[in-house]
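Asks: Provided below are the primary sequence and the corresponding predicted coordinates.
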Amino acid sequence: MEKVGAVMVVGAGIGGSQASLDLADSGYKVYLIESTTSIGGVMAQLDKTFPTNDCAMCIVSPKLVETGRHQNIDLSINCKIQEVSGEAGNFTVKVLKKSLFINQDKCTGCGVCGKECPVEAIDIFNEGLAKYAATSVRYPQAVPLVYAINKDYCIGCGICAGVCKAKAVEYDLEDEEVDLNVGAIILSPGFDEYVPPKANLYGYGKYKNVVTSIEFERILSASGPYAGRVLRPSDGDVPEKVAFLQCIGSRDFSGSGNPYCSSVCCMYTAKEAVIAHEHMHQIKPTIFSMDVRAYGKDFDKYIIRAQEEYGVQYIRSRISSIQEVPETNDLRIRYETEDGKVKEEIFQMVVLAVGFNPPNDAKYLAEKFGIELNEYNFAKTDIFNPVQTSKPGIFACGAFSSPKDIPDTVTQASAAAGCVNQLLYDEKGTLITEKSLPPEIFVNGQPPRIGVFICHCGINIGGFVDVPEVTRYAKTLPNVVLSDRNLYTCSADTQTIIKNMVKEYHLNRVIVASCTPRTHEPLFQETIREAGLNRYLFQMANIRDQCSWVHMNEPEAATEKAKDLVRMAVNKARKIQPIDRIKLSVTPKALVVGGGISGMAAALNFASQEYETYLVEKQDKLGGFANNIYHTLEGGDVQAFITDLIKKIESHEFIHVYKEAEIENIDGYIGNFKTSIIYGKNKEKAEFEHGVVIVATGAKEYQPNEYLYGQNDLVILQSELEKILNTSDDIKKKKSIVMIQCVGSRNDEHPYCSKMCCAEAIKNALLAKEKNPDVEITVLFRDIRTYGFKEKYYRKAREAGVIFIQYDENDPPKINVEDSELRVEVKTARHDTINIKSDWLVLSAGIYAIREENEDLAKMLKVPLNDDNFFLEAHVKLRPVDFATEGVFVAGIAHCPKTIEDSIAQANAAVSRACTILSKEEIEAEGKTAQIDMSRCIGCGMCIENCAYNAIELIDDRRFGRVAYINQALCKGCGACSGNCRCAAIDILGFTGEQIFSMITGRVS
Amino acid sequence: MSFEPKLLGFLCNWCSYAGADLAGVSRIQYPPNMRVIRVMCSGRVDPKFLIQALELGIDGVYVMGCHIGDCHYLEGNYEALRKFDMTKKLLSFVGLDNRIRLDWVSASEGVRFGEVVSKFVEDIRALGPSPLSRDNPDQELLKKVKAINMAAGTKRLRALVGRQRKITEEENVYGEKVPEEEFNELLDTALKEEYDRQRILLALARDSKSVKDLAVELSLEPSLVLEHMLTLKGRSQVDFQEIIGNTPLFMRI
Amino acid sequence: MSEEEKKEENVRVGIFVCHCGSNIGGLIDCHKLAEESKELPFVAHAEDNLYTCSETGLAAIKKAIEEHNLNRVVVASCTPRTHEPLFRECISEAGLNPYLFNFVNIRDQCTWVHMKHAQEAYDKAKDLIKMGAAKAVKLEPLEMIMVNITPAAMVIGGGVAGMSAALSLSRQGFKTYLVEKEDKLGGRLNSLYKLFPYDIDASEFIGNIISNVQNAKNLEILTSSQVINIEGFVGNFEVEVEHNGTINTFEIGAIIVAVGSSILDPTGLFGYDGNKRITQFELESKLKNNKINQKDIIMIQCVGSRIEERPYCSSVCCMTALKNALNIKDQNPEAHITILFRDLYTPGTEYEEYYRKAREQGVLFVKYDPEKMPVIEETQVKVFNEYINTEMTIPYDLLVLSTPLVANDDNKELAQMLKVPLEANKFFLEAHVKLRPNDFATDGVYIGGSAKWPVDITESISQGYAAASRASTILSHDTIEVEGATSCLPEYNKSLCTGCEVCVKVCPFNAIIKNEDDEIEIIEALCKGCGVCAATCTNQALVIRHFTDDQIMSEIFAYGGE
Amino acid sequence: MTVKNEQEAEKSEEWEPKIIAFLCNWCSYAGADLAGVSRIQYPPNIRIVRVPCSGRVNPYFIVKSLTDGWDGVVVSGCHPGDCHYLTGNLVARRRFAILKELLEFFGIEPGRVNFMWASAAEGERFAVLIRKATKIVKELGPNKKFEKKW
């Protein structure tokens, strides 16, 4: 069967969007299919994200806009999958595009229809906290910004069609069925949150002030119904004491909930508590939790900050009841404290941290796509490749395969894209078309001839701003040769008008005064480019979002403002010049640093796409730390897996393996790196050029000096125990084993959680019990962090008789040696002291990154490390495998502690990100970059300090001596360098000082 | 002296006004309590006319039009019926719904005109003076009626009642007929909501108040007040002002 | 509203209270009324007259207008329904716009009906004058609207109704276009055999009419032609007609719809096969072409009519069955004919006579019960005879089904073009069942023949003439005057209008449209001024002239007190 | 505007300040858009100049605005930590802290120059901050320290 260079992505949340962007950037045609009417999924509903408290909308919306307008992405909303046939490489999917009753091509998203709709329906995006019209858009920044009629609520009164100036409402618009031919499919339908049943002990649905966490998220949101004020639904008061209850519908083996851990609730609850307090300082949050599972990068630090800086109180308890106090609508919570006392406390509001369910249509999707689900109805995935479903050619990413947070979702999305690359690499670029454009008209040196197009936007602008007056005014401004107005400047026919006008009036600058450049600038830039003008000879004046809409009651002042804005745009337009985007050639080869599992997975992926790959390993043997691991908790045979992997790597024609190697130097930048290494026993030298770098250097197991490790042979590490269990029968002679968790983790020196140790301990405990059912195993822990489906093994271990005792970090277990016997003394939560005789004391040692080892590489690559010496990615949430420095990516434990399958996913993700570069012969750099006037530069180096992208360095220039040099390939054009340049030597193309001054001054009377 | 009701009548030009004239020509005697405003069609009678009249303390308002099917303007009286029903529903919130009445009187029904007017006078007399009568209007009630008056002017209610007949009796834009009960349910909800919202706006006319204050003042569920407040905020009619202690105050814009 | 106030400052109202002999003055003190009226706001003059409608009274009004510089006039007397035109003309002669007049009815609705309550009647009259004066203050001058009439008519449908209408109009001298879908005129009649009740030969009859039409002056026949678009309004329609792929546009003053009806396809009913079991219509063709040889003939009435799906009586089938039965008997006296019926509809003496004749000739009538439908077998019909309460078995070799006339499939399209309504069975719906049987609510569009309802030839012809007569009432004028008190969207309210089109949909006269500039526009020629739109307008932007919200509110306030 | 008119304008209570606002493209500009989409009303005194990042705002832009006669200046960027360019707003924050002291030293009322953070989701906050800034500048009265250039 012939392979097809197109990919279908089902579900356009953050995962689906990321996968689509990766693939589209790598030269595949992408069909992005979304069931709701806008993309962005749950992330768009969030206020802030942990652990950085980033504003969710700020970081997600540029990504969504990019997804919405990418020329290789064909986005369809309001869709349903009907039928799937074919196999890996060539699938045919029948998709039902349900009618929106509003013509997507005509709708300008102005929202008048929603405003005039007499029907009020429940606002689902705001979780029912507010009301919405039957004609609506999910949220104001939605992509695509088109309204849809919800036929369930619509009474067919016809008012929306009447008020729509764009004539976009079409009640006879019918559902449409299309067959899409794709080579691979990525499923990213996300999750649905657990909804507490009506009669529940938490009073949800009964008491108004009991809300779910996702509802609370909307309450927190600045764009939510309460505009970011934290108010309780019963009476709109600010709740002083807010209780957060963890594990609602999670880790629930008896009730209506799910047995697994939903992985993210501990963190989002901490975030919600922190943000609530940040929004309203009078709020005092209390979190009732079982184990606090802050296992991710920088998560534990966040919990500590929540407690110390924001006064969030943690109580380790599952509450026993909630009662409403009728007069006040407050809530009385009864709970048992750790030391067994029953307490009662009054709260003004209660937030239920609800867990993740598989998506409601999981079974439907599984049936249609012919994939298997796991025991919890999430997508079943390969044990070592968490994005591979049971059917070849179909991949899953994000919460569809297991509950996970945003960075893990984004990583998996890229990983899925990486796997698609492996499958379809030779069909890359076959289904995308490049537009042919006329040559650019040469305008340098010619006097500006400006055309101004002013948009009525139906009544959105024209209703409040006197558009004819502004048009007349614009005509009087210097260099303006044409001033015209349109009902909708963005409509297709107006684009033709603009093109004709450019020709007729010989325009060489075009201004559109209408909505916001954030959504519409690319459209108009494309138009003038088609008319032969350079894209940058365009300016936009925002007279709608920032003028007519916000000054509806002052039409005269709004008109004045619109005139000013147009004038400022004209002033700037007179100063703008064409900008040529720099093109850089790309060396289609990759360097992978580190030959552990992550590095090998990445190298193999590159190589199978026929990219020449250099794999550099410090040791004399590939495999890294995985060489010490025998099985995963879930039972995967690690040894067999890596043996096979090593064999493939070493025999692959496109992979060059360098062992016992050390990197001497890395030079260059994205697409054009040059690396020299010394390798092998004989210290040979090698040098090669490559386009991208993947950092997969891993980390080390902590070598404890506490708990008598190294002093007493009976004290061993988990990895040592694992080896013993797997290679001998020594366990059969033992009566009692004690394990201590968090050795070298979550302390002052290493404040993070090493993530794997809990699973490791339980894995070994279960194996020990299997081999010797009589052995008594006691695990001393702080929190058991068997997140996700690993919870099952925690329960299994308890059922197998493993004893779990919590200890206090401030009062750790004591080890006494009596008669060469180990005795472990530990204080329980109820303040009893227990003494356990132990044949082996097994320490769960954490994972350490060593600064000395990582620092050199970080410096060579100009990438940062975090406080814990792990590599720091570009953005914690949305760019988890990228570095701020382009062309460099991170995978595996070098980034932070993670499991084998997560490491493999990240490796594939890194490859996918890298392929967006390698797949192109040349890449276009941003045009609006910083420029340096070397004659003015004094070489002070201030700019270098301020550049977040390491785009600036000092060079010795033949004429000017030591001056700053800006690498155009790396510069993003933020302008931080320019703002601080004491000698005004740096300017930003597109935002030059001259241009901005022209806007500040040049006011005419 | 017995109470003499002060009544107002809206008569359509073609049937009821002619009927009233016929009563005169035939010297039919009926009580002189009602003053007449001539309109071309009963469909012209805006709900606001009736509410405004009651707000001014008039004891009763009569709307008369041609019999169904006889309308000089074909369908005007069907529309009148819908608007009247809505007005009645709105007024039922304050128990004034029995002070308005709709009847069909043809040009030939002079006798009947006299009869129905007499009956109306009697009925209103039995009800007693309007609680809003000029001498001593019930201020609380007056506020509520003002809210009703404002509600009748909201575009949401006007849009619903304006389209009600066509989409329940003929077809909506999808060529479907919306069942009468379904529509009424929707309309009833809208009536109550808009009434409550206008009351909130009125209560905020002078100074800003909290949700709880408003709930007590208007005897509404605080959660409902909050919900309305959000809708009004969406319509740019109210806004948050400040938070006193833990209680946010809302103001009218 | 400072402009408004300024305007009001100059308002000078004159009030004239009529004694109407003793009709008013006999009960209440008109002089006192007039005197007290002087206290009302903006009233510059008030007087009482014995008969305001008399020459003296009218002269007094004119004089007062001049002397007191009045610009609003209120007459309190009888009823506007009879006397308003008179007073309007009067003030018009005195140089005032006729709409600056307001009438207060203190006789028919006051003194005459409260004869035993003089004081109360006085109070009522006083209130009414106060209200009338308050409205008068707010009155504004209006112009009557003149609409030019194109003296041409178009008749859609070249059947007997359409041809009758076209002939009638063209003979009156109006340019008339007759549009027929088929390639020849005549419609349904072309396939009939004889016509009841006088057994006239159908082709001869229709041939005469067609030749009259073809020879008529002023009459243009457009066969194989179809109306594809209609724009405009009374007196000024633009009709696009397609003929063999070319489109011609006609300027038309009035349109007559005479598109006729169709015959129900009875497939699936009573074993219809078009051969042994046929429709009356097919029988008619057979009769026309050759003799009917079959001996045992059964006719079944009400096939597909008077049922739940099609609840109406098609009104012509009984007569057709009788006619055809007699025709068969004529051709073949040996034939046994049985008519299975539910109720026989033979109104009028002539038709009833026809029924008697059929019975005399031996046609057998069997009444069946719709609950116990006749069962059709290969060669016989089993039917439960209600009268004798037994099941009968009747043999047949020809079964004839009396199927009803049904509305044409394309009626909906035409109705949308004309903006006229259809009734539940998709026939055209006239303006008023009793009083305006051949009008539509839309001015300038008329209806005749079975496009409205199944009718026979006689009725079709008279309806065709009727429609033509109604059309000529428009066409015979160069211009028509349309009521000035129409709805409007004043300039100052334009910003209020959201364009929701609720008014467009609520207007019974289709007088409100969204124009090319996407703005609400009232076609004043079509507006009757009922005011439903203003009472409906979601943003209270529409104003109904002469009955504005402001004017009515001022009346309410004048009565209720500010 | 002639001098006389100007004086009259100052005297009258109708005087409205003209404020120039430099908004970063990714957060504050988007926040201002959201205020628009949500129809949140604020005074029409500001004129917005879009810059890629608050870090782009050279202190000289602010000085130039004041010397050119704008009555007030607003600079708004992403919240610290949210910068699209990673650290641009932190650079800006440090820079403006110094600038503010410097302006005060020059005798310019501190209220004329307002630095603020508004995210893409904070349409309402944006409006509130603009209201506040407009009020402050309005109370300060016209910027008379510098000769008007127009």
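Replies: Perfect, thanks for sending it. Just so you know, these numbers come straight off a predicted model, no measurement behind them.

Asks: CA-only coordinates of stretch B:61-70 in CSV, if you can.
Replies: Output of stretch B:61-70 as CSV, limited to C-alpha atoms (Å, rounded to 0.1, in the frame of the first residue of the first chain):
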residue,chain,number,x,y,z
VAL,B,61,-56.7,48.8,31.8
TYR,B,62,-58.7,47.2,29.0
VAL,B,63,-57.4,46.2,25.6
MET,B,64,-60.0,45.6,22.9
GLY,B,65,-59.5,44.4,19.4
CYS,B,66,-61.3,42.7,16.5
HIS,B,67,-62.3,39.1,17.0
ILE,B,68,-59.7,36.6,16.1
GLY,B,69,-59.7,36.3,12.3
ASP,B,70,-61.4,39.6,11.8
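
Asks: what lies in contact with that stretch?
Replies: Applying CB atoms under 8 Å, 6 or more residues apart in numbering or on different chains, the contact partners of stretch B:61-70 are B:7-12, B:14-16, B:19, B:34, B:41-43, B:45, B:49-50, B:53-54, B:71-72, B:76-78, B:80-81, B:84, B:99-106, B:113, B:116-117, B:120. (Glycine included, C-beta is placed from N, CA and C.)

Asks: which residues of chain D fall in helices?
Replies: D:3-11, D:28-37, D:59-67, D:88-105, D:123-140 (DSSP state H).

Asks: and what of the stretch 451-562 of chain C?
Replies: With DSSP state H, counting those that start in this stretch as the criterion, the stretch 451-562 of chain C has helices at C:457-475, C:502-506, C:532-536, C:549-560.

Asks: quick one: closest of those to residue C:162.
Replies: Of all those, it is helix C:457-475 that lies closest to residue C:162, at 6.6 Å by CB to CB.

Asks: around chain A, pick out the residues from the stretch 301-450 of chain C.
Replies: Residues of the stretch 301-450 of chain C that fall close to chain A, judged by CB under 8 Å from any CB of the partner chain: none.

Asks: what about the strands in the stretch 301-450 of chain C?
Replies: C:336-341, C:364-367, C:375-376, C:380-385, C:390-395, C:398-401, C:405-406, C:445-447 (DSSP state E, counting those that start in this stretch).

Asks: quick one: contacts for residue A:398?
Replies: Contacts of residue A:398 by CB under 8 Å, 6+ apart are A:11, A:13, A:14, A:15, A:16, A:188, A:190, A:404, A:409, A:412, A:413.

Asks: coming back round to it: to residue C:375, which of the helices of chain D lies closest?
Replies: Evaluated over the helices of chain D, closeness to residue C:375 peaks at helix D:28-37, with 70.3 Å, by CB to CB.

Asks: which one among the contacts of residue A:398 gets closest to chain D?
Replies: Set against chain D, the nearest of the contacts of residue A:398 by CB to the nearest CB is residue A:14 (15.4 Å).

Asks: how close does the closest one sit to residue A:68?
Replies: Applying CB to CB, to the nearest Å, the value for residue A:14 to residue A:68 is 14 Å.

Asks: counting neighbours, go ahead and name the busier of the two.
Replies: residue A:14 (29 against 20; other CB atoms under 10 Å in any protein chain shown).

Asks: isn't that one right next to residue A:59, touching?
Replies: No - if you go by CB atoms under 8 Å, residue A:14 and residue A:59 don't touch, sitting 9.6 Å apart.
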